[in-house]
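>>> The following block contains a protein sequence and its predicted model.
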Amino acid sequence: MSSPKEPEIDIDIDLAMQINSNKYVKAVTKLGDKMDVVADEDVLTHTFHKLIAKGTKVDGSFYEKLIQHKLLKPIDRSLMVTDGVSADKLVADASMMISRDPKFKYMFMQFGDVPVHVMRKIHLENPLALKLTLIKLAMPRLFKHSIEVALIAIYIGLKAGRTNKELTQLATAGIFHDISELHINPELQNPEHDLTDDDWHQIYAHPFISYLILKEFPAYHPAISYMTLDHHEKLDGSGYPRGHDESEISSLGHILSVAESVAGLIDKGYTPDEIDAKLKMCQGQFNNQYIHFILTALRGAASFSDGSDKQPTLQIIDKKLHLIGEIIKEWHTLTEKLNEQQRNQMLIHTVTDRLKYLEMQLVGSGFDTEQLDQVYVMLGEDTEEWLSDSNSIIDEAMFQLNTIIGEVKRRWPEHANPHKPRSLGEYLSSWMNSSEDRIRH
């Protein structure tokens, strides 16, 4: 049987090399200051010189020694952590989440101990157990998110009639899908961090870095590694890092993508109705049956609320809608200024199509940015329920608009240094910068 073809992805090689960066070596050795980290084999240089003997306890004092040499293997391939994350501890954390969180308790009422049995079958290689231990200590929100993704993926898999083997693969991929977060800018975990161009590049690349990590272990490659590569891909081809569509994404990879997206919305505290409204703005991106499974479970869970008493006003919604309409209209004005060669650029076609699709989604949800007065008359009085649902839809539209702008920045690196006046670079930079400023404020 031939090996799967290595995916082709446009990624900065320096970013990929961060998997074994000095920063990561420092994090690993510092872990030894808090827990027992032991070499379970000799740590060798690429010239086979022994740096650390098997059985040695490794801590922060080894950092300087290790970074002075090129190692034969990544440092975590030669270490094991005592009392770190294990399969049993993953089961304990997942069981606690199911028992304490009404959402997960309701999801698995009809399935008994099945999710626990599935989680217990997750295989943990020592280097990956060490990585998960680092994540649990340094990024507890990410660790919690990974368990949530694993549980939601198991639930969708159960409802969809997947085999026990596939359920275990889904759970394993859910736990590991964001393991790359150890090797990129930790500030990306901070919701208040303003994203730079380099940050966006790391965000788009992180599924590939997770893939690179997992592909080194036969137990996870190719089934698990390719699922993690697909966890931000969408059925309509609007995802990343490869922009694959339904014909190219694995069926299990898509379940993971749905689970990751829904877990992200849950983590932000959205109610089922708000999640429903946001997903309506993502028509074509996800399997509708999988979404139905999740929404039914979330609505069935008792007292799932964001706890917020503050309601959006009609004026706030109106302001957001006008801004969306203005930015889209400005794009169309921009394209009218382009010459035929500029207008035929693939990027221009892509953005135009994405914006048209966004407009169609808004119209389908009852909002036409060109006829807002008629929209409000047709929809009637601004009840609290209508305001809440409408605000969720408009916020999702704003998010998608911002994502499209980010896609332009990623695919047009010259935007930071526009060409001469009346060039494509100048037009793109003007539209992006103006739009981002207004969305942000």
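All right, it came through fine. Residues are numbered from 1 along each chain as shown.
>>> does Met35 really touch Thr133, like I thought?
Yes - shown here, Met35 and Thr133 form a contact pair, counting by Cβ atoms under 8 Å, at 7.2 Å. For the C-beta atoms, the positions are set from N, CA and C on the backbone; glycine is no exception.
>>> More neighbours: which of the two?
Thr133 (22 against 15; other Cβ atoms under 10 Å).
>>> mind listing what the more buried one touches?
31, 35, 81, 84-85 (Cβ atoms under 8 Å, 6 or more residues apart in numbering).
>>> again, 10 Å this time
28, 31, 34-35, 37, 81, 83-86, 89, 143 (Cβ atoms under 10 Å, 6 or more residues apart in numbering).
>>> Just the residues you listed: which are in strands?
Using DSSP state E, 37, 81 are the members of the contacts of Thr133 that sit in strands.
>>> Flag whichever of the contacts of Thr133 scores worst on pLDDT.
Ranked by pLDDT, the contacts of Thr133 bottom out at Asp83 (90).
>>> what residues are shared contacts of Met35 and Thr133?
81, 83-84.
>>> Same list, those, but as TSV with distance to Glu187 and neighbour count please.
Formatted as TSV, those follow (distance: Cβ to Cβ, whole Å; neighbours: other Cβ atoms under 10 Å):
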residue	distance to Glu187	neighbour count
Val81	25	25
Asp83	29	9
Gly84	25	21
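>>> Looking at the residues you listed, which is nearest Thr352?
Taking Cβ to Cβ as the measure, Gly84 is the one of those closest to Thr352, at 50.2 Å.
>>> I'd guessed the closest one sits against Phe143; true?
No - Gly84 lies out of contact with Phe143 (Cβ atoms under 10 Å); the separation is 11.9 Å.
>>> quick check, Arg299 in a helix?
Yes - per DSSP: H, G, I helix; E, B strand; the rest coil, Arg299 lies within a helix segment.
>>> Pro140 - how many residues pack around it?
10.
>>> what's the distance between it and Ile147?
11 Å (Cβ to Cβ, to the nearest Å).
>>> Same check on Val25?
27 Å.
>>> In terms of neighbours, single out the busier of the two.
Just comparing Val25 and Ile147: by other Cβ under 10 Å the higher neighbour count belongs to Ile147, 21 against 18.
>>> can you pull the contacts of the more buried one?
Per Cβ under 10 Å, 6+ apart, neighbours of Ile147: 90, 93-94, 96-98, 104, 119, 171, 174-175, 263.
>>> List the buried residues for the host helix or strand of it?
According to DSSP states H and E, Ile147 maps onto helix 140-159. Across helix 140-159, burial judged by 16 or more other Cβ atoms under 10 Å covers 142-143, 145-159.
>>> how about stretch 245-262: buried residues?
Applying 16+ other Cβ under 10 Å to stretch 245-262 flags 249-250, 252-262 as buried.
>>> Let me see the mean pLDDT of it.
On average, stretch 245-262 scores 96.
>>> same question, stretch 206-220
According to the model, stretch 206-220 has a mean pLDDT of 93.
>>> same thing with stretch 364-383?
63.
>>> Quick one: end-to-end distance for it.
Terminal residues of stretch 364-383 are spaced 20 Å apart (Cα to Cα, to the nearest Å).
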